[in-house]
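Trainee: Predicted model follows, preceded by the sequence.
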Amino acid sequence: MAFHELGLKNENVIIVSGIGCNGRFPHNFRTYGFHTLHGRVLPIAQGINMTRSGLCVVGIAGDGDAFAIGGGHVPHAARRNPDIAYIVFDNGIYGQTKGQPSPTTPFGYKTKVTPDGNSENPIDISKLALAYGVSFLGRGFPGRPNHLAHLIAQGIAHKGFALIHVLNPCPTFHDTWKEWAPKVIEIGSEHDSADLDAAWRLVRRQDKIPIGVIFKQKRSTPAEFKATTPTDTKTEMNELLKSFR
Amino acid sequence: MTIRLAGESGDGVILAGEVVTYAVSRMGLKIFTFRTYPSSVRGGPCLYQLRASDWHAYSQGDLLDLLVAFDTEAISSHAQDMKPTGELIFDADRTPKTYSSLPKHSFGIPFTSLAKNQLAFPKGKNMIIAGYVAGHVGVSKTVLEEVVRGKLGTRGGDIVQRNIAAVELGYGLAPKEVKPEFPRAVPNKIVVSGNQAIVLGAIAGGCRFYAGYPITPASDILEGMANFLPSFGGRAFQGEDEMASLGAAIGASFAGTKSMTATSGPGLSLMTEMIGMASMAEVPVVIVDAQRGGPSTGLPTKTEQSDLDHALYGGHGDAPRIVIAPGNVEDCFYQTVRAFNLAERYQLPVLLLTDQSLAQLTEGMPNPDLDSLTIIDRERAHLAGGAFQRYAVTHDGISPMSTPGETNGEYIAESVEHDEDGRPSYRPQIHSEMTAKRFRKLETAAVELGNDPLNVKELPDSKAKVGVIGWGSTQGAIHDAVLRARKKSIRIRWLQCKLLNPLPKAEISTFLEGLRKVLVPELNYSGQFAKLLRVNFTIEPISFNKSEGLPFRADEILRKIEEVA
C-alpha cells in the first residue's frame, strides 16, 4: 500500500530483511531484495544506499534482530542519516525460534527461558530511537492498517533515516493485542513533529500508545555518489601513480 | 647495501627511513624495506630497514652495512646484526662516553644538541640524521631536497624550510665516501608499500566502493581509499565494526559496484559469517587480510602467516571462496586487479592474504601499464523474456546477474538455501544441486586459471632432487636463499604459490615430481601450508615453521636448505 501511495516501480525498490519471522518478507513483493544475516540489515542497506542513492531501500527487522544482535548498528545509522526506511516489527518475543525473551519482553513475562518470569528490564525502541537522534520516528499498529501504510509511505518519502516502530503482536507466542489495541490513539495535528521535547512526551506516555509521526527533522544525508566513472579514469590513475615516484 | 635505522617510537625513525629510501630510489637503485614498531603510539623500540642494490633486492637483507642508532638501546639491540665491516652512526648526545661496546667503525655525532642549539628545532633531529645518512651513501643534494619537499609539502607554515635546513645540516656533516656510481637513468618506477599497491590495484581493477574498520596493519588501505576514491567517482566508508564494513561492501556489490574491505586476523574472524553469506548469495566481493601475529589480539604490529586455515576453511558449512596470496609489492598490485576479476567472474568472495611486513614495506616497482590490464565484469543477464532466474543452474555454475534498477531483473539475494528463482527451499535435491552448483564455480575457476602466470612463481631445475615450496610474502627471502644455494652448487628448484584456492594442482604436481626432499618454510607454528600440500599430494613435506613475529631472513632459509640437501 505504501509503495503504491508513493508510485514506486518494482525495479527501483530493494527490501532488505534479517532473520526471524520477517526474514521472508521480501518474497511477498516483486521488487529486488536481500535476505541477510541476523542483525545485519542496516550494514547491507547502507551499502546499497551509499552507492545507488536513486533507489528506494527499505529495511525490515524484528525487535531482536534490530536491537539485540543488531543493536550496535542503529546509533551509527542514526548519525549518518542515510536515506533508508527501517521498519522494526516489535512483538516482544523471539517467535521464529518459538518463544524466547527479546529485548522488549516485559519484566516478569514467563517464557521457556524464563520459567520464573523475565528478570530483565525491557528497552523501549521508540525512546532509544529518539535518544540515538534519528531524523524521523514513526510508530504504528497493525490494527489501523491504512494509518500504518500511510505512515510507512511517509517514512520512505522522508529524506534521511526513518525508523518506523511497529507494535506488532505475535498471536502465537506473546499475544499483546488485547493489551495494546485499547490504548492506541492516533497522533493529531496538535502535535508538532519538529519539536523534540513534544516527541519525548509522546513516547513517555504510559496511559496511551500514540501512533503516527512522532518526530521529523530535515537533516543532510551522506553526499551523493556518482556510480559512473569519469571519462578520464586513465589520466586520473596516471596522475595518482606519478605521486608515488 | 643494507641500512637499519633504530630508535624509540616517537623519534621520527620511520620518516627518516622513508626520506633516505625515496632519495636512494630516485637515484636509480632498486630498494626493499622492512619496518617494525610497537603497538603503542609512543615509546618502545622501532626500526626501519632499507636494502638498496643495483640488481634486484628480493628481501630486506641480512647483516647490516650501516646501523643508524637514535639511542643507546638501539646500539645494544642491533649491533650484533652488523657485518664485521659494517659502520655505526650514532647520536653522541644519547650515548654515554663510557659506552664500551662500540663497533670498530663508529661515528658519533651530537644530533640532539645540533637540532636544539644550531637549528632551534629539537624535533628536527631525525631529519638531520636522514640528511647525514643520505650524504654518507652519496645521494645528490637536489634529489634529497626534492624528496623532503614531496613528503612535507602539504604541511603549512615554515615546516618545509625547517626540515630542508635540517637535512642540509646533516648532509654537510657526512664524510663523502666513494660509493659505487648510481645509475644515470632514473627508471620509470613507483615506490609503494604493499598496502598502497593494493589500493592502486583495486582502483585500477574497478573498485569504486570501499568499507573498512581501522585495524593494524590494514588501516592504511582505508585511509588511501578514503583519499583517492572520490576523484574516481567512488567513496570509502568507515563502518562501526567489521561486520558493518563487509556488510556494506556486499550490499554495494549486490547493487552493482565493485567493492572491497581490508582487515587483519581479528577482523577476519568477525567477518566470517558475512563471508559465508557472500558465498551463499553469490555476491562478488574482495576481502584483504593483512595477517599479523595471532591468535586473538596477538601481536598487532608483527608479521605472521597464520590465517591460511581460516581463509581456506573458516566459517560454518561448505562455502566456496577463492584465496590469493601475493608474493611482493608488485604482486600486490596485479593480484588485487586479479582478485576483482575473479570475484566478478565467479561471483564469490575472494580473500587476498598479505602480512604486516609486506603490507608496510616499500619496494620499487615498474610503473604499471594500465593498457595491459584485462578487466572482467560480472556476467549480465538478458532480461527481455521476463522469466529471470538469478540462481539458474548452469554447466559452469555461473548464473548471469541482474542489477537493482533493471526492469524484469528483480530477485531476492538469499542467505537461506534457495531454488533457481531464489525462493527459499529445504528440498533435499535442491540443497545438493545448489551446493554442487556453487562449488562447480570453483572447478570452472581451476580449469580457466590453469597455468595462469599469476598462480605460481618458479625457479625450475628438472635435475634437482631438493625443492622449496612457499606461499605468499616469503617469496623474497626464499628467492634470495635459493640463488645463494645455487651459487654453492646445490641443485634445487623453487615454487612460490600465490593461488591457494583453487590450488594450482597441475603446476605443483609437476614441480613435486622426482623430488626426494620438499622443504616448506612458512611463518606460522602449525605448518598450515604444509598441511594443505599433504592433503592434496602424496608427499611428506619438511616443515620449516617460524613464528617469532618476524619475516624470514634469506640466510635462515639457506642454512635449512643446506641441512636438508
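Mentor: Great, that's in hand. Every value quoted in this text rests on a predicted model; they were computed, and no experiment measured them.
Trainee: Which helix runs longest in chain A?
Mentor: Counting by DSSP state H, the longest helix found in chain A is helix A:145-157.
Trainee: Would you mark the buried spots in it?
Mentor: Neighbour counts using 16 or more other CB atoms under 10 Å in any protein chain shown place A:147-156 of helix A:145-157 among the buried residues. No exception for glycine: its C-beta is placed from N, CA and C like everyone else's.
Trainee: same thing with stretch B:107-118?
Mentor: B:107-109, B:111-112, B:114-116.
Trainee: How far does the longest helix of chain A sit from its chain's centre?
Mentor: Remark: helix A:145-157 is offset 13 Å from the chain centroid, using CA atoms, centre = their mean, to the nearest Å.
Trainee: what about B:Arg427, how many neighbours?
Mentor: A count of nearby residues for B:Arg427, using other CB atoms under 10 Å in any protein chain shown, gives 11.
Trainee: Now it: closest residue in space, sequence neighbours ignored.
Mentor: Closest residue to B:Arg427 apart from its sequence neighbours, by CB to CB, 6 or more residues apart in numbering or on different chains: B:Asp419 at 7.8 Å.
Trainee: Does stretch B:395-412 reach chain A?
Mentor: Yes: under the criterion of CB under 8 Å from any CB of the partner chain, stretch B:395-412 makes contact with chain A via B:404-412.
Trainee: now the residues you listed as TSV including secondary structure, neighbour count and distance to B:Ala244?
Mentor: What follows is the residues of stretch B:395-412 next to chain A, written out as TSV (DSSP: H, G, I helix; E, B strand; the rest coil; neighbours: other CB atoms under 10 Å in any protein chain shown; distance: CB to CB, whole Å):
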residue	secondary structure	neighbour count	distance to B:Ala244
B:Pro404	coil	25	20
B:Gly405	coil	18	24
B:Glu406	coil	17	27
B:Thr407	coil	13	31
B:Asn408	coil	15	32
B:Gly409	coil	21	27
B:Glu410	coil	22	26
B:Tyr411	coil	23	24
B:Ile412	strand	27	22
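Trainee: so which pair among those residues is furthest apart in space?
Mentor: Using CB to CB, the pair of the residues of stretch B:395-412 next to chain A lying farthest apart is B:Thr407 and B:Ile412, separated by 16.4 Å.
Trainee: Let me see the ranges of the helices in the stretch 151-300 of chain B.
Mentor: B:159-173, B:194-204, B:219-228, B:242-254, B:265-281 (DSSP state H, counting those that start in this stretch).
Trainee: The ones you listed: which one's closest to chain A?
Mentor: Among the helices of the stretch 151-300 of chain B, the nearest to chain A by CB to the nearest CB is helix B:242-254 (2.7 Å).
Trainee: check whether the closest one contacts chain A.
Mentor: Yes: with CB under 8 Å from any CB as the measure, helix B:242-254 is seen reaching chain A through B:243-254.
Trainee: Show me which of the helices of the stretch 151-300 of chain B has the highest average neighbour count.
Mentor: Most buried of the helices of the stretch 151-300 of chain B by mean neighbour count (mean count of other CB atoms under 10 Å in any protein chain shown) is helix B:242-254; its value is a mean of 30.
Trainee: what bridges to the nearest residue to B:Gly527 once chain neighbours are set aside?
Mentor: Leaving aside its chain neighbours, B:Gly527 sits nearest to B:Ser543 (4.2 Å; criterion: CB to CB, 6+ apart). Assessed by DSSP bridges, B:Ser543 has beta-bridge partners B:Val520.
Trainee: B:Met401 touches B:Glu379, doesn't it?
Mentor: Yes: the criterion here is CB atoms under 8 Å, and B:Met401 meets it with B:Glu379 at 6.6 Å.
Trainee: Between these two, tell me which one has more neighbours.
Mentor: For B:Met401 versus B:Glu379, neighbours defined as other CB under 10 Å are more numerous around B:Met401 (23 against 13).
Trainee: pLDDT score assigned to the more buried one?
Mentor: B:Met401 carries a pLDDT value of 97.
Trainee: same question, the one 10 residues further on
Mentor: According to the predicted model, the pLDDT of B:Tyr411 comes to 97.
Trainee: Buried ones in the lowest-mean-pLDDT helix or strand in chain A, by neighbour count?
Mentor: Each helix and strand of chain A was given a mean pLDDT (mean pLDDT, DSSP states H and E); the minimum falls on helix A:233-242 at a mean of 88. Residues A:233, A:236-237, A:240-241 are the ones in helix A:233-242 that count as buried (16+ other CB under 10 Å).
Trainee: Could I get these in JSON lines, plus columns for distance to A:Asn168?
Mentor: Shown next, in JSON lines, are these (distance: CB to CB, whole Å):
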{"residue": "A:Thr233", "distance to A:Asn168": "48"}
{"residue": "A:Glu236", "distance to A:Asn168": "50"}
{"residue": "A:Met237", "distance to A:Asn168": "51"}
{"residue": "A:Leu240", "distance to A:Asn168": "51"}
{"residue": "A:Leu241", "distance to A:Asn168": "55"}
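Trainee: quick one, what contacts B:Leu173?
Mentor: B:109, B:132, B:135 (CB atoms under 8 Å, 6 or more residues apart in numbering or on different chains).
Trainee: right, I mislabeled it, should have said B:Gly234
Mentor: A:225, B:203, B:207-210, B:257.
Trainee: Looking at strand pairing, list the partners for the residue nearest in space to the middle of chain A.
Mentor: In chain A, the residue lying closest to the centroid (CA atoms, centre = their mean) is A:Tyr86, at 2.2 Å. According to DSSP bridges, the partner residues bridging A:Tyr86 are A:Gly59, A:Leu163.
Trainee: Same check on B:Asp355?
Mentor: With DSSP bridges as the rule, B:Asp355 is bridged to B:Gln291.
Trainee: circling back: neighbours of the residue nearest to B:Gly527, how many?
Mentor: With other CB under 10 Å as criterion, B:Ser543 counts 19.
Trainee: circling back: pretty sure the residue nearest to B:Arg427 is in contact with B:Val393, am I right?
Mentor: No: judged on CB under 8 Å, B:Asp419 makes no contact with B:Val393 at a distance of 9.4 Å.
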